[in-house]
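[1] Take a look and give me a structure for this.
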Amino acid sequence: MIGANGMLTGEILYHDFDDFDGASFDLDGTTATLRYSFRF
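    Numbers count the residues shown, from 1 in each chain. Alright, predicted model coming up:
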């Protein structure tokens, strides 16, 4: 919680796809998200 009315949240996700699109290769990646919400 940041201040009386604000909130900061986040997440980190790891994605792993085997045999992507029926092909013989694998695909992986990491995504990160930050979110600030203000309540009024």
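
[2] distance of the residue lying farthest from the centre of the chain from T33?
    Centroid-distance maximum for the chain: S24 at 26.4 Å, with C-alpha atoms, centre = their mean. Distance of S24 to T33, computed by C-beta to C-beta, to the nearest Å: 31 Å. All C-beta atoms are positioned from the backbone trio N, CA, C, and that covers glycine.

[3] Roughly how far does the residue nearest to Y14 when sequence neighbours are not counted sit from G10?
    Nearest residue to Y14 in three dimensions, chain neighbours excluded: T30, at 5.2 Å (C-beta to C-beta, 6 or more residues apart in numbering). Counting by C-beta to C-beta, the gap from T30 to G10 is 13 Å.

[4] hmm, back to that, what about the residue farthest from the centre of the chain, is that helix, strand or coil?
    coil (DSSP: H, G, I helix; E, B strand; the rest coil).

[5] ok, it - contacts?
    By C-beta atoms under 8 Å, 6 or more residues apart in numbering, no residues touch S24.

[6] List phi and psi for it.
    phi -100, psi 30 (degrees, to the nearest 10).

[7] Per-residue confidence at it, what does it come out as?
    S24 is assigned a predicted lDDT (pLDDT) of 76.

[8] any idea of the pLDDT on the residue nearest to Y14?
    96.

[9] Locate it within the secondary structure: which element?
    For T30, the host element (DSSP states H and E) is strand 27-38.

[10] how far out from the middle of the chain is that strand?
    For strand 27-38, the separation from the chain centroid amounts to 3 Å (computed by C-alpha atoms, centre = their mean, to the nearest Å).

[11] What strands line up against it, and which way round?
    Paired neighbours of strand 27-38 in the sheet (DSSP bridges): strand 6-17 (antiparallel).

[12] Give me the distance from the partner strand to the chain's centre.
    3 Å.

[13] what's the average pLDDT for it?
    Mean predicted confidence for strand 6-17 is 92.

[14] Using PDB, list the CA coordinates for that strand.
    Extracted in PDB, the C-alpha atoms of strand 6-17 (Å, rounded to 0.1, in the frame of the first residue of the first chain):
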ATOM      1  CA  GLY A   6      -2.900   4.100  -3.500                       C
ATOM      2  CA  MET A   7      -1.800   0.500  -4.000                       C
ATOM      3  CA  LEU A   8       1.200  -0.900  -6.000                       C
ATOM      4  CA  THR A   9       1.100  -4.500  -7.200                       C
ATOM      5  CA  GLY A  10       3.100  -6.600  -9.500                       C
ATOM      6  CA  GLU A  11       3.700 -10.100 -10.900                       C
ATOM      7  CA  ILE A  12       6.400 -12.000 -12.700                       C
ATOM      8  CA  LEU A  13       5.300 -14.900 -14.900                       C
ATOM      9  CA  TYR A  14       7.400 -17.600 -16.700                       C
ATOM     10  CA  HIS A  15       5.900 -19.100 -19.800                       C
ATOM     11  CA  ASP A  16       7.200 -22.400 -21.400                       C
ATOM     12  CA  PHE A  17       5.600 -23.900 -24.500                       C
END
